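A.B. asks: this is a predicted model, with the sequence first.
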Amino acid sequence: MSAPALDRHPDRLFPADPGTRAIARTLYEAVRDLPILSPHGHVDPRALADDVPFTDPAALFVTPDHYVTRLLHAGGVPLSALGIGRGTLPEAEARQVWRLLCEHWPALAGTPTRYWLESELAEVFDVTVRPSVATADSIYDQVAERLTKDAYRPRALFERFGIEVLATTDDPCDDLSAHAELAADPAFAGRVVPTFRPDRYLEAAAPGWADAVARLGAVSGIDTGSYAGWVEAMEQRRAHFRVHGATSADHSHEDVGTEPLSAAEAERVYRAALAGTASPGEGVALRRHMLFEMARMSCDDGLVMTIHPGVRRNHHGPTLSDFGPDTGHDIPLRADFTDPLRPLLERFGVHPGFHLVLFTLDETAFSRELGPLAGFYPSVYVGAPWWFLDAPDAVRRFRGAVTESAGFRRTSGFIDDTRAFCSIPARHDMSRRLDCGYLARLVAEHRLPEDEAREIAVDLVDRRPREVFKL
């Protein structure tokens, strides 16, 4: 008996109604092959700079992808059995990790993770059978064999995927040498740009903050013993990132409070934080003040400011202790934007050239706060659904919730937010199909002419990310 096929229906994600589906197909033809613009993600630029072949299927699909590992863990697979945090695994162990994925394949049913994995296997590696206990080894062998070929090295896949721009996420103290090497290499035609991510330098109440600030001072060559020195060091590092092609600064904290402090109070709390005597409340107040200052810096240097708040990082202490951060146990929180962002928007919301892209994991905020904010402030754009909301039905709800109050042009265009390099085309294609389906419904209901729907579909894929992220 043959194994069940890995089915990739050409009309996947399109509306079920035949007439609306036909319109969606037509719209999709206009965007299907457009270049990928990825303005926010977590791919390691060193992989592209060195162009070293991927080692094995488990390292490519499982161990670095917390979308995958968290679902397997929820199904009873220990993270230790998945090789988390151990680097390159021996072939026998990598194969066993892959077998665990295939054994638990039904646990992924209905999730976007399953959708992306199916797309990667079928469209990148030509796999035709559904993963299972019976097919695990044959699929592993097929993918592993492909990974030995030059056509499956990182740069070749970058070109094959049609990626025009790829933004990475980088520490302010990073020397950005990988980005410099890629920019100087005539053999690499793509564009890989860094993103300034200063979160840990703003969390004054967090352990290790003073050491991080000291390193910031050492790298920038600026004395960070004073609040003014911290600000200058941040500005210097932002300038370093801009020289290396950065177009945005990315921020993720539990809330988006932006209440500024007086100069004297900021200096007092900053020195107390360096001495380890600041209270938790003072640390939060300084972080909120610093986020306000980051908006001021974006107005000065032109870096797009993106904020994606509302996550309880490292929810399970024992997992953090054993395996470290970014291992699947970050959990969303309720998010508020209207009042917490008011100080920032009062000061900078109509500043010429300031772009503020707001993301959320709390979809109740789309229609209640983010859509209305983007529907008034010329600086504000609503970021695409990400992380726990980057699923088909959540994306459809996002379009309905935001478009009514802000329209299409006040949204960011798609962001893939991924460490899983081979999932990038699958994620972007999913977004294109869903947006075409949403537009097709508007056309079918005679709320939008088809020619304008086509223009909007192209705009969401191409012009929105270029303009919003200044690409």
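C.D. replies: On my side now, so go ahead.

A.B. asks: look at stretch 181-199 and report the distance between its end residues.
C.D. replies: Length of stretch 181-199, first residue to last, Cα to Cα, to the nearest Å: 26 Å.

A.B. asks: nope, stretch 123-135 is what I was after
C.D. replies: Terminal residues of stretch 123-135 lie 18 Å apart, using Cα to Cα.

A.B. asks: again, but for stretch 347-356
C.D. replies: End-to-end distance of stretch 347-356: 13 Å, with Cα to Cα as the criterion.

A.B. asks: how far off centre is that stretch?
C.D. replies: From the chain centre to the centre of stretch 347-356 is a distance of 23 Å (Cα atoms, centre = their mean, to the nearest Å).

A.B. asks: so after the helix or strand hosting residue 320, what's the next helix or strand?
C.D. replies: Using DSSP states H and E, residue 320 sits within helix 317-323. Reading on from helix 317-323 to the C-terminus, the next helix or strand found by DSSP H and E is strand 331-332.

A.B. asks: now the helix holding residue 320: buried residues?
C.D. replies: Within helix 317-323, the residues that qualify as buried are 319, 323, counting by 16 or more other Cβ atoms under 10 Å. Where C-beta positions appear, they are placed from N, C-alpha and C, glycine not excepted.

A.B. asks: restrict that helix to CA atoms and write it as CSV.
C.D. replies: Output in CSV follows, covering the C-alpha atoms of helix 317-323 (Å, rounded to 0.1, in the frame of the first residue of the first chain):
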residue,chain,number,x,y,z
GLY,A,317,11.5,28.9,34.4
PRO,A,318,12.9,25.4,34.3
THR,A,319,12.9,25.4,30.5
LEU,A,320,14.8,28.7,30.4
SER,A,321,17.3,27.3,32.9
ASP,A,322,17.9,24.1,30.9
PHE,A,323,17.6,25.3,27.3
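
A.B. asks: and the contacts of it?
C.D. replies: By Cβ atoms under 8 Å, 6 or more residues apart in numbering, the list of residues contacting helix 317-323 from outside reads 79-80, 84-85, 314, 327-329.

A.B. asks: what's the most distant pair in the residues you listed?
C.D. replies: The span of the contacts of helix 317-323, defined through Cβ to Cβ, is set by 80 and 314 at 17.3 Å.

A.B. asks: what helices and strands are in contact with the host helix or strand of residue 455?
C.D. replies: Take DSSP H and E as the rule and residue 455 turns out to sit in helix 450-458. Packing partners of helix 450-458 (3 or more Cβ pairs under 8 Å, 6 or more residues apart in numbering; DSSP states H and E): helix 18-31, helix 424-444.

A.B. asks: between residue 80 and residue 314, which is the more surrounded one?
C.D. replies: Neighbours around residue 80 and residue 314, counted as other Cβ atoms under 10 Å, are more numerous at residue 314. The numbers are 16 against 11.

A.B. asks: these two touch, right, that one and residue 325?
C.D. replies: Yes: here residue 314 lies in contact with residue 325, judged by Cβ atoms under 8 Å, at a distance of 5.6 Å.

A.B. asks: can you count the residues close to residue 315?
C.D. replies: Residue 315: 12 surrounding residues under other Cβ under 10 Å.

A.B. asks: list the contacts of the nearest residue to residue 63 once chain neighbours are set aside.
C.D. replies: Closest residue to residue 63 apart from its sequence neighbours, by Cβ to Cβ, 6 or more residues apart in numbering: residue 83 at 5.0 Å. With contact taken as Cβ under 8 Å, 6+ apart, residue 83 is in contact with 58, 62-63, 89, 93-94, 97.

A.B. asks: going by neighbour count, which of those comes out on top?
C.D. replies: residue 58 (26 neighbours).
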